[in-house]
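Asks: I would like the atomic coordinates for the input below:
(2 chains)
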Amino acid sequence: MEVTTMSHALQLHAQIVKLGPQNDVASRNLSKLFTFAALSPAGNLNYARLLLNSNTTPFNSYYYNTLIRAYSRSSDPTHHTKAFSLFISMLRGPHPLPKPDNFTFPFIIKCSCNHFTLQQIHAFVTKMGFASDRFIINALIHAYSEFGELGIAHKVFDEMIDRDVVSWTTIIDGLVNGDRPIEAMGLFESMLEGGVEVNDVTVVSVLRACADAGALSLGKRVHGIVKEKGIACKGSNISTALIDMYVKSGCVESARKVFDDVVDKDVFVWTTMIFGLASHGQCEEAIDLFYEMVASGVKPDERTITVVLSACRNAGFLRECNMFLNDAEKLYGVKPTIQHFGCVVDLLAREGRLKEAEDFVSTMPIKPDAVLWRTLIWACKVHGDIDRAERFVKKLELQEKSADDSGSYILASNVYASVGKWCNKAEVRELMNKKGLIKPPGSSRIEVDGVVHEFVMGDYNHPEAEKIYLKLDEIVDKIRKEGYDPKVSEVLLEIDYEEKAIQLLHHSEKLALAYGLIKTTEGSKIRIVKNLRSCEDCHEFMKLISKIFQRDIIVRDRIRFHHFKNGVCSCKDYW
DNA sequence: ATAGGGTTAG
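Replies: Modelled structure (predicted):
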């Protein structure tokens, strides 16, 4: 008989007490009752704990492990602490408790709060002879990855003897989350070579990697695998990942095809497609698709609203923007977030309606965040309203939240520099140093002839780095000696190489640039996916690149795509 | 008599 409610559980408990712990029926019921109390959403963790502490419950590792498992699933960190103290008492006593076993570790690993604790547990795992337990090791790999210890995670993975799909998927997923999609993709390839069967989870992870890297060719291959094996039937999450991958690799049409074939579209599928259209400059289509979604009976969530608002913003539809903002709560029960308000502010600011933007911010029911201030400051800078920019910079500086955000500081220092207030700029820089803010290196990835190349600022790791630098020097030299050469140097000349413009380009971008010059000789589209930190960077870079290649360019920054035709950006985006 | 690891949009 199944236990389904707490009152039923209490009845059983009474019966158990009556029968006594020695009774067979009683002990079977006890385990049922306990499992229900600990794990069922209708159960009660504290009650399970009481049961464990009562002397009728046998010293059996099952009960301890189950309770630790229950604690580990909770989002409440004090539960993790409780799990830990249970674990410790299992290790050391004082009472004769069951020793931690192979079941204990996967749960307790989930409870560790930092990588030091994790390493201690890892040591116990080894000491107690569980170093070849796949479940435990997979849990370790996952946990190390979550703490950003990808090096250790990778090492543990490498040293494993019998890796299975989960091991591979875990490390791949960890690399994707750690912004190392290229390595993730590499591992996926080795996994295929090694003949490991991939499943739906693997596919979703590797598709995320492809999306991040703009790796269309591998993305397509994965799509092929999905079709071949029919893995997609299980749910819409693969479809969502595929749509996202195509969108971020610059292929809305392919994304749309996948989208149209999804029979039971959920909110994720719709939202991703709406984002896809909006980010490719098809803003009105995106808005239409939003209405289609609502008509089909799927309720938009917070993210959907953000996406449709950003479509309005990119299209310059202020009226619609306000309308959707009002509808969000009334029609769809979505509480407006800072991103939602941010869209309206962004739109006003871009159009140069800076006072309106400022007024809007002061009437918002939510406290503006650093991103919002930055949007405003940037717009002020573009529209030459430096007084207002300075006022916003002050607001930004007051905000503790921006303390860990080096982007804000850099923006602030740029504002000061642009009006020649070098003292203030120096102050900001100093503040940054004091807080130990180091800007993470910029990186870019480019797919040329089916190969994704990654460049990190200041790196020399590209296999053809030397060649690339040589080529770059050669070009620069040529410009110096011969001046203008319309074939290759138009842009470099125009931007005044030595003086300033090249400073806008990171090392990585120089590499990509030069590499493109050497290698890219055919095709009409170049996909470049960049993790740029601001639209400013993005546009500077892309203006250059698209002129050099003399063809259409699609580039993605953190938020959206920018289309460049003949060196002109076609989306209404700051420009 | 009884359990375990990896899961989607920026």
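Asks: I figured A:Val267 hits A:Ile305, correct?
Replies: No: the pair A:Val267 and A:Ile305 fails to qualify as a contact (CB atoms under 8 Å) at a distance of 11.0 Å. For the C-beta atoms, the positions are set from N, CA and C on the backbone; glycine is no exception.
Asks: which of the two has more residues huddled nearby?
Replies: A:Ile305 (25 against 16; other CB atoms under 10 Å).
Asks: list the residues that contact that one.
Replies: Going by CB atoms under 8 Å, 6 or more residues apart in numbering, A:Ile305 touches A:Phe324, A:Ala328, A:Tyr332, A:Val334, A:Pro336, A:His340.
Asks: can I get the helix or strand containing A:Asp359 in CSV, CA atoms only?
Replies: Using DSSP states H and E, A:Asp359 sits within helix A:354-363. Taking C-alpha atoms only, helix A:354-363 is exported to CSV below (Å, rounded to 0.1, in the frame of the first residue of the first chain):
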residue,chain,number,x,y,z
LEU,A,354,16.9,61.7,-22.3
LYS,A,355,14.8,63.8,-20.1
GLU,A,356,11.8,61.6,-20.6
ALA,A,357,14.0,58.6,-19.9
GLU,A,358,15.2,60.2,-16.7
ASP,A,359,11.6,61.0,-15.6
PHE,A,360,10.5,57.5,-16.4
VAL,A,361,13.3,56.0,-14.2
SER,A,362,12.2,58.2,-11.3
THR,A,363,8.7,56.9,-11.5
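Asks: all helices in the stretch 301-450 of chain A, in order from the N-terminus.
Replies: A:302-315, A:318-332, A:338-350, A:354-363, A:370-382, A:386-398, A:406-418, A:422-434 (DSSP state H, counting those that start in this stretch).
Asks: between those helices, which one is nearest to DNA strand B?
Replies: helix A:302-315 (3.5 Å; CB to the nearest atom of the strand).
Asks: just send the helices of the stretch 301-450 of chain A back as a markdown table, with mean pLDDT and distance to A:Asp173 too.
Replies: Below are the helices of the stretch 301-450 of chain A laid out as a markdown table (pLDDT from 0 to 100; distance: least, CB to CB, whole Å):
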| stretch | mean pLDDT | distance to A:Asp173 |
| --- | --- | --- |
| helix A:302-315 | 89 | 21 |
| helix A:318-332 | 91 | 32 |
| helix A:338-350 | 88 | 26 |
| helix A:354-363 | 92 | 38 |
| helix A:370-382 | 78 | 27 |
| helix A:386-398 | 79 | 35 |
| helix A:406-418 | 56 | 27 |
| helix A:422-434 | 54 | 33 |
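Asks: contacts only, for the closest residue to A:Tyr47 other than its chain neighbours.
Replies: In space, and not counting its chain neighbours, A:Tyr47 is closest to A:Ala37: 4.9 Å by CB to CB, 6 or more residues apart in numbering. By CB under 8 Å, 6+ apart, the contact set of A:Ala37 is A:Met6, A:Ala9, A:Gly43, A:Asn44, A:Leu45, A:Tyr47, A:Ala48, A:Leu51.
Asks: spell out which parts of the stretch 301-450 of chain A neighbour DNA strand B.
Replies: A:Asp301, A:Arg303, A:Thr304, A:Thr306, A:Gln339 (CB under 7 Å from any atom of the strand).
Asks: ok, 10 Å please
Replies: Within the stretch 301-450 of chain A, the positions near DNA strand B by CB under 10 Å from any atom of the strand are A:301-307, A:310, A:337-340, A:342.
Asks: from the contacts of A:Ala37, which land in helices?
Replies: Within these, residues falling in helices by DSSP state H are A:Met6, A:Ala9, A:Leu45, A:Tyr47, A:Ala48, A:Leu51.
Asks: can the helix or strand containing A:Thr272 be found next to DNA strand B?
Replies: Taking DSSP H and E as the criterion, A:Thr272 maps to helix A:267-279. Yes: interface with DNA strand B: helix A:267-279 contributes A:Val267, A:Phe268, A:Val269, A:Trp270, A:Thr271, A:Thr272, A:Ile274, A:Phe275, A:Gly276, A:Ser279 (CB under 10 Å from any atom of the strand).
Asks: stretch A:250-260 now?
Replies: No: residues of stretch A:250-260 contacting DNA strand B under CB under 10 Å from any atom of the strand: none, with a closest distance of 10.8 Å.
Asks: restricting to C-alpha, output stretch A:48-63 in PDB.
Replies: This file holds the C-alpha atoms of stretch A:48-63, laid out as PDB (Å, rounded to 0.1, in the frame of the first residue of the first chain):
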ATOM      1  CA  ALA A  48      11.400  12.200   9.100                       C
ATOM      2  CA  ARG A  49      14.200  13.600  11.200                       C
ATOM      3  CA  LEU A  50      12.200  12.700  14.400                       C
ATOM      4  CA  LEU A  51      11.700   9.200  13.100                       C
ATOM      5  CA  LEU A  52      15.400   8.800  12.500                       C
ATOM      6  CA  ASN A  53      16.200   9.900  16.000                       C
ATOM      7  CA  SER A  54      13.700   7.600  17.600                       C
ATOM      8  CA  ASN A  55      15.100   4.400  18.900                       C
ATOM      9  CA  THR A  56      12.600   2.300  16.900                       C
ATOM     10  CA  THR A  57      14.400   3.200  13.600                       C
ATOM     11  CA  PRO A  58      17.200   0.700  12.900                       C
ATOM     12  CA  PHE A  59      20.800   1.700  12.300                       C
ATOM     13  CA  ASN A  60      20.500   1.100   8.700                       C
ATOM     14  CA  SER A  61      22.400   3.300   6.100                       C
ATOM     15  CA  TYR A  62      19.200   3.500   4.000                       C
ATOM     16  CA  TYR A  63      17.500   5.800   6.500                       C
END
